[in-house]
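Asker: need a structure here:
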Amino acid sequence: MKLFNRFYILLFALGILVFACKEDQSAASFQDVAYYKVKAAAYYVNFDAHGTVTDDGQDIVELTIHPNGEAVTITSSESWCQGTLITVDSKSYLKISTDPNLGETRTCTIEAMVGKGADKQGAIIRITQETSLLVNPVSILSSSELSEYDLTVKSVGTWTVSGEQDWCTLSHTSGEGNSTIQVAIAENILLEARNASLIFTSGDLSVTVSVSQMAALPIDDSFEFVLVNAGTFAMGATPEQTGAAANEKEPHQVTLTKNYYLGKYPVTQKQWALVMGNSPSMFSGDNKPVETVSYTDVQEFITKLNARTGKNYRLPTEAEWEYAARGGNQSKGYLYSGGNTIATVAWYDSNSTVNGLKSTQDVGTKVANELGIHDMSGNVYEWVSDWYEASFSADAVIDPTGPATGTKHVLKGGSYRNGASNLRVAKRASEAETTKSDNLGFRLARSID
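Answerer: So this is what the prediction gives:
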């Protein structure tokens, strides 16, 4: 019995010893896990110059402290950047704030540490604050066309901008705080690129925005002209013009005293696009005549073309147009421009159907007239410069330009959707200067200096 009791006493003593050993092992493992560490939910925080967090960040960073409740020391490397430890619902957070930045971009570090000396451990959070003057974008590359761009300015204080050009203007040139500036760039009609530097200044800071605009496309070489020598001719309802209308009478003598150039073809869609940057035509095709353009549209085209080229392009007068259509001083007295067989010289309602649809056709694909000029009968009606009047005087005239005023302008030549009688060289039509139609186009003339 005594032996049995001694056995149990011994067994109990061994149990206590084992339990004590387990307690010591537990204490040793506790010292090894996350000893005095501080973890942060974020290690980089960015602020703008005003002190507001950017990039959807937070100025409050959660800290995980192990063991919980350990004293944390907060230090900052710069006086403009502060960190404060706060507790919310038993959780620890680092509240970060900055002073307004009046200079260049700057950085600092905030340390959240526990322990001392060699045992000190924790989290280091890096703070970046933007410069007090920020402009975006800092470069603009523009085509030669008219264009607008927005510049975003971010500033703590007042700012100004200089460097405007007559072709590069700003909606405003000074401000305070954040702002958006509109940059208006005029069309470049020169064959050289151009550059401007917009210099933003705030205090001792400056930011330069570079503006570059591409050169205008060379377009002068795309137009072909035929020289029309001066001469005298009979205009209007001359004998070969069978079926002449009342507004073609009376036939009368016209003398043109100056040589001039007239377009070999009507102005094409490609040529229009080079100058205007758009395509108004109903029927698409680079070499088809431009159409659906009013007299007013044509004048805008000519103004831009002259500004780009330094030339003096214009519409022909009605007399210049008809003289050239008849073959000038080489005239053979044809009914149509270039011949008496309409299908040979013109696109009109009986031969302009493609895939079941009447439409304009590429210029220069029919026989030219005596001067080498194409499409003066058919394809598209052509605007001329004269105001319309309902009849002619029988008196001889020299270099006529038509009435001084009017409500409509003269159209000549007929079109792809007209019958043959409308394509005679003497035929006259008229429309208001704002009229647009898919059978109205034009060709250019140029005086010889």
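
Asker: residue ranges with poor pLDDT in the chain?
Answerer: 1-37, 55-57, 67-69, 220-221 (pLDDT under 70).

Asker: What residues does the residue nearest in space to the middle of it make contact with?
Answerer: In the chain, the residue lying closest to the centroid (C-alpha atoms, centre = their mean) is Ser147, at 5.5 Å. Ser147 sits next to Ile185 when contact means C-beta atoms under 8 Å, 6 or more residues apart in numbering. Every C-beta, even on glycine, is put in place using the N, C-alpha and C of the backbone.

Asker: So in terms of bridging, what pairs with Ile86?
Answerer: Tyr93 (DSSP bridges).

Asker: same question, Met113
Answerer: Thr73, Gly122.

Asker: can you count the residues close to it?
Answerer: 17 (other C-beta atoms under 10 Å).

Asker: try Asp48
Answerer: So Asp48, with other C-beta under 10 Å, has 20 neighbours.

Asker: Same check on Asp150?
Answerer: Asp150: 11 neighbours (other C-beta under 10 Å).

Asker: Surely it is in contact with Ala184?
Answerer: No - using C-beta atoms under 8 Å, Asp150 and Ala184 do not qualify as a contacting pair, with a distance of 10.9 Å.

Asker: Secondary structure element for Phe296, which one?
Answerer: In this structure residue 296 is Thr, not Phe. Secondary structure from DSSP states H and E places Thr296 in helix 295-309.

Asker: contacts for that helix?
Answerer: With contacts defined as C-beta under 8 Å, 6+ apart, helix 295-309 is touched by 187, 189-190, 216, 219-220, 267, 272, 275-276, 280, 293, 311-315, 383, 409, 431-436, 442, 444.

Asker: What about these, which are in strands?
Answerer: Tyr313, Arg314, Trp383, His409, Glu431 (DSSP state E).

Asker: For the fourth one, which non-adjacent residue is spatially closest?
Answerer: Spatial nearest neighbour of His409, chain neighbours left out: Tyr295 (5.0 Å); criterion: C-beta to C-beta, 6 or more residues apart in numbering.

Asker: Tell me the spacing between the one you found and Gly378.
Answerer: Distance of Tyr295 to Gly378, given as C-beta to C-beta, to the nearest Å: 20 Å.

Asker: Between these two, which is the more surrounded one?
Answerer: Between Tyr295 and Gly378, counted using other C-beta under 10 Å, Gly378 has the larger neighbour count: 30 against 22.

Asker: residue contacts, the more buried one?
Answerer: 342, 345-348, 352, 366, 413-416, 418, 423.

Asker: 6 Å instead, please
Answerer: Residues in contact with Gly378 (C-beta atoms under 6 Å, 6 or more residues apart in numbering) are Ala346, Trp347, Tyr348, Gly414, Leu423.

Asker: okay, the residues you listed in JSON lines with secondary structure next?
Answerer: Formatted as JSON lines, these follow (DSSP: H, G, I helix; E, B strand; the rest coil):
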{"residue": "Ala346", "secondary structure": "coil"}
{"residue": "Trp347", "secondary structure": "coil"}
{"residue": "Tyr348", "secondary structure": "coil"}
{"residue": "Gly414", "secondary structure": "coil"}
{"residue": "Leu423", "secondary structure": "helix"}
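
Asker: Please, a PyMOL command that selects the buried ones among those?
Answerer: Provided next is the PyMOL selection string for whichever of the contacts of Gly378 are buried by 16 or more other C-beta atoms under 10 Å:
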select buried, resi 346+347+348+414+423
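
Asker: quick check, nearest of the contacts of Gly378 to Asp362?
Answerer: Ranked by distance to Asp362 (C-beta to C-beta), those are led by Trp347 at 9.4 Å.

Asker: residues contacting the closest one?
Answerer: By C-beta under 6 Å, 6+ apart, the residues touching Trp347 are Gln361, Gly378, Asn379, Tyr416.

Asker: Could you work out the most separated pair of these?
Answerer: Gln361 and Gly378 (8.9 Å).

Asker: one step back: may I see the buried residues of the helix holding Thr296?
Answerer: Tyr295, Asp297, Val298, Phe301, Ile302, Lys304, Leu305, Arg308, Thr309.

Asker: Kindly report the same for stretch 100-112.
Answerer: Those would be Asn101, Leu102, Arg106, Cys108, Ile110, Glu111, Ala112, for stretch 100-112 by 16+ other C-beta under 10 Å.

Asker: State whether the fourth one is indeed within a strand.
Answerer: Yes - counting by three-state DSSP, Cys108 is part of a strand.

Asker: where's the closest residue in space to it that isn't next to it in sequence, which helix or strand?
Answerer: Nearest residue to Cys108, sequence neighbours excluded (C-beta to C-beta, 6+ apart): Glu78, at 3.7 Å. Element membership for Glu78 (DSSP H and E) is empty, with no helix or strand holding it.
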